[in-house]
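Novice: Sequence first, predicted coordinates after that:
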Amino acid sequence: MLVSKTTRILCLARILCLAGGALCASPLLAAAQDAASEPAIVLELNGLEPSQKGCRFTFVAVSGLKTDIERAAYEVALFGKDGLVQRLTVLDFKDLPAGKTKVRQFDLADVDCGQVGRVLINAASACEGEDLGENACITELKTETRGDVGFGL
């Protein structure tokens, strides 16, 4: 049985609440309950590194939706450090099974990693799967970044 990290935190918080009582009104419990009730697709820009073609973008993708995504693709805009759009491209994340973490890498030709200042998700160009809500790949999307390159909607 696959149990998400959020579900484990929520269960632990409830156990501590019953045992000690002090945690009941804590922000941790409230945050865990909010996170457990809000399914999301989380895309993390995990890193950029030079490659033979140009720049390799590494993403960590987690689908917290209740249904599998058969195919998710996003149109992204790459901004230079000067704030100007350098490129529009589509990144195909392929399948994102419910509750599974996937790492995806994309080599973008003729991109200098050191000049990328921001990555913007412009639109979902594909969002396929049974029982997915309309625009789920955008409306349920949360973004995070590990480095100094901005990433978001």
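Specialist: Arrived safely.
Novice: Excluding residues flanking it in the chain, which one is nearest F79?
Specialist: In space, F79 comes closest to R118 once its chain neighbours are excluded; the distance is 4.1 Å by CB to CB, 6 or more residues apart in numbering. For the C-beta atoms, the positions are set from N, CA and C on the backbone; glycine is no exception.
Novice: Just give me the neighbour total for the one you found.
Specialist: A count of nearby residues for R118, using other CB atoms under 10 Å, gives 18.
Novice: Repeat that for the one 3 residues further on.
Specialist: Counted with other CB under 10 Å, residues neighbouring I121 total 18.
Novice: after the worst-scoring helix or strand of the chain on mean pLDDT, next one along is what?
Specialist: Within the chain, confidence by mean pLDDT, DSSP states H and E is lowest for helix 27-37 among all helices and strands, at a mean of 43. Scanning forward in sequence from helix 27-37, with DSSP states H and E defining helices and strands, the next element found is strand 41-50.
Novice: And the next helix or strand past that following strand?
Specialist: Downstream of strand 41-50, the next assigned helix or strand under DSSP H and E is strand 54-63.
Novice: can you dump the C-alpha coordinates of that following strand into CSV?
Specialist: Backbone C-alpha positions of strand 54-63 (Å, rounded to 0.1, in the frame of the first residue of the first chain) are rendered in CSV as follows:
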residue,chain,number,x,y,z
GLY,A,54,23.6,23.0,-24.3
CYS,A,55,21.9,22.8,-20.9
ARG,A,56,20.3,19.9,-19.1
PHE,A,57,17.3,20.8,-17.0
THR,A,58,16.4,18.3,-14.3
PHE,A,59,12.9,18.2,-12.8
VAL,A,60,11.3,16.2,-10.0
ALA,A,61,7.6,15.6,-10.6
VAL,A,62,5.1,14.2,-8.1
SER,A,63,1.5,13.6,-8.9
